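Participant: requesting a structural model of the entry that follows:
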Amino acid sequence: MKQPRKHLLCLLLALWLTGVLLAGCAADTADANADLPVITVGCDNYPPFTYVNSDGKLVGIDVELADEAFRRMGYRPEFVTINWAEKNTLLENGVIDCIWSSFSMSGRADEYTWAGPYMYSHQVVAVMPDSDIQTLADLAGKTVVVQATTKPESLFLDGNDPRIPEIRALHSLQKRELIYSYLSKGYADADAMLADSDAYFEHLAKQDLVMQAIAEQLDITPTQEQIDSANSSYADTYGAQRSMLNALQLAVLDKVEESAVLS
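Facilitator: Predicted coordinates:
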């Protein structure tokens, strides 16, 4: 009758030893990375791709991708949260070296130095669950809210998409996290946004924030990491990492899906 307890003790000991070994490996990795040259990466608060966790640390899919990619290239990334509307000024002044936060290349190909695509971004219209907006045509006469200086904002301002009807107003907010409150209080009827996967809506649902995307998408564009032309000495090296990034993306997305199932 004591044998199960013996097995349990052995299992607990094995788990403890594994934890010690993993902690040691993490410490060794941190020590090895400490002497690497630093790349300052500007990020927006855009969960689950880049966001601040309960410990005050920037985490997310893009953070994990960037951290691993730069480590393999011989750099140590430092992630900072920026005002997305000020990203160009921060780049020009050298405050940050690059942007990595679900940044789409479409329409901006000549504005920056790009490292190459690593996923595709879906520009969608999101609404509250009780909304009667089901297609882009339903936006006629409605108020749409977007995050300032983003691709969805330009899609509405340019007026080049014949599918987008004449709307009542377009409101641009600097911070992504304000948009849900804006919608839920009825200040706007819909949110035009970038949503790379269902992971974004799953992340909202875990915080009891429920939105849904209409089936008709605004656009699908390559998502890339953007490098300031004045600090692009590592751009060519980065290009060689594209095949590695594809594998990393799949691995991280698998991890997110696994976490969603476990939770």
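Participant: now do the helices in the stretch 1-150 of the chain.
Facilitator: For the stretch 1-150 of the chain, helices defined by DSSP state H, counting those that start in this stretch occupy the ranges 3-33, 61-73, 87-92.
Participant: what does S154 show for phi and psi?
Facilitator: phi -70, psi -30 (degrees, to the nearest 10).
Participant: what's the local residue count around it?
Facilitator: Neighbourhood size, S154 [other Cβ atoms under 10 Å]: 17. Bear in mind the C-beta positions are built from the backbone N, C-alpha and C, glycine included.
Participant: where does pLDDT dip in the stretch 1-150 of the chain?
Facilitator: For the stretch 1-150 of the chain, the stretches with pLDDT under 70 are 1-33, 106, 116-119, 121.
Participant: for the stretch 151-263 of the chain, same thing?
Facilitator: Counting by pLDDT under 70, the low-confidence segments of the stretch 151-263 of the chain come to 194-200, 202-203, 221-263.
Participant: mind listing the strands for it?
Facilitator: Using DSSP state E, counting those that start in this stretch, the strands assigned to the stretch 151-263 of the chain run over residues 169-173, 190-194, 212-213, 219-227.
Participant: which other residues reach stretch 133-143?
Facilitator: 125, 127, 132, 163-171, 187-190, 214-216, 218 (Cβ atoms under 8 Å, 6 or more residues apart in numbering).
Participant: do the same with stretch 166-179
Facilitator: With contact meaning Cβ under 8 Å, 6+ apart, stretch 166-179 is reached by 44-46, 83-85, 139-149, 153, 156-157, 182, 187-188, 191, 193.
Participant: go again with 7 Å.
Facilitator: 44-46, 83, 85, 139-148, 153, 156, 182, 188, 191 (Cβ atoms under 7 Å, 6 or more residues apart in numbering).
Participant: for that stretch, buried residues please.
Facilitator: Residues of stretch 166-179 classed as buried by neighbour count (16 or more other Cβ atoms under 10 Å): I167, S172, L173, R176, I179.
Participant: farthest-apart pair in those residues, please.
Facilitator: I167 and R176 (20.1 Å; Cβ to Cβ).
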